[in-house]
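[1] using only what follows, build the 3D model:
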Amino acid sequence: MENKDIIDEEAPSVNENTDNQSAEAAEQPAAETSSASQEVAELKDKYLRLYADFENFRRRTAKEKLDLISTANEGLLVSLLPVVDDFERAMQSIENASDIAALKEGVSLIYHKLFRTLEAKGVKPMMSKGEVFNADIHESVTQFPAPSDDLKGKVIDEVEKGYFLNDKVIRFAKVIVGS
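    Next up, the predicted model:
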């Protein structure tokens, strides 16, 4: 019996060891859960802030786009106002005009001023007459027999002039094509 008492005193009991391990094991998941939930909360906060920033950015860009669209032609319209003023003065002088040549000259000056203003904004007329028909820039209104073989497939006449805006077609030329 002496040996049994010695063994009992020296060896820790199995129950004590198991209790210590289960207490440590219970504390460890609780700490991990606490730090994980804290990390989830931080990430959720970051996500919400990022989402709010994105929504603000989207709203701001949509508003800027609407403002840009509503005022896009402002520069062109402001530059056309002097031409409108010239037309108003011409209309007033037409009633009292006795000299037709001066009237024609005035209208011609207004036309050239309008044309220069449009050119300054990037508008250029198409030169279609005599050119090969191109469906990308021309709209064929009709076809006539060509007076000569060299005009077949080419533009014989221009019904309505076409225009470019910075090398982009803004109005197709309506043309008559030789066949």
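
[2] quick one: low-confidence parts of the protein?
    Counting by pLDDT under 70, the ranges of the chain that qualify are 1-29.

[3] where along this protein do the strands fall?
    Assigned by DSSP state E, the strands in the chain fall at 123-125, 138-144, 155-160, 163-165, 168-171, 173-178.

[4] most tightly packed of those strands?
    Mean neighbour count (mean count of other Cβ atoms under 10 Å) peaks for strand 173-178 among the strands of the chain, with a mean of 21. Glycine gets a C-beta too; all of them are placed from N, C-alpha and C.

[5] tell me what angle it forms with strand 155-160.
    Per axes from the mean of the first three to the mean of the last three Cα atoms, to 10 degrees, the angle that strand 173-178 makes with strand 155-160 is 150 degrees.

[6] do you know how far Lys124 is from Thr142?
    According to Cβ to Cβ, to the nearest Å, Lys124 stands 26 Å off from Thr142.

[7] Val40 too?
    In terms of Cβ to Cβ, Val40 sits 73 Å off from Thr142.

[8] repeat for Met126
    18 Å.

[9] got the contact list for the residue nearest to Phe87 when sequence neighbours are not counted?
    Spatially, and ignoring its direct neighbours in sequence, Phe87 is nearest to Ile110 (6.0 Å; Cβ to Cβ, 6 or more residues apart in numbering). By Cβ atoms under 8 Å, 6 or more residues apart in numbering, the contact set of Ile110 is Val83, Asp86, Phe87, Ala90.

[10] just Asp53 next, same as before
    Shown in contact with Asp53 (Cβ under 8 Å, 6+ apart): no residues.

[11] adjust the sequence numbering to begin at 199 for everything that follows.
    OK, 199 is where the count begins now, so the last one is Asp251.

[12] measure it to Ile292 for me?
    61 Å.

[13] try Gly304
    Applying Cβ to Cβ, the value for Gly304 to Ile292 is 9 Å.

[14] neighbour count winner among the two?
    Gly304 (18 against 11; other Cβ atoms under 10 Å).

[15] check contacts around the nearest residue to that one once chain neighbours are set aside.
    Excluding its sequence neighbours, the residue lying closest to Gly304 (Cβ to Cβ, 6+ apart) is Ala288, at 5.4 Å. Neighbour list for Ala288: Leu301, Gly304, Val305, Ile308 [criterion: Cβ under 8 Å, 6+ apart].

[16] thinking again about what came up before, how near is the residue nearest to Phe285 to Leu278?
    Distance from Ile308 to Leu278, by Cβ to Cβ: 11 Å.

[17] equivalent analysis for Ala295, please.
    Computed as Cβ to Cβ, the Ala295 to Leu278 distance reads 24 Å.
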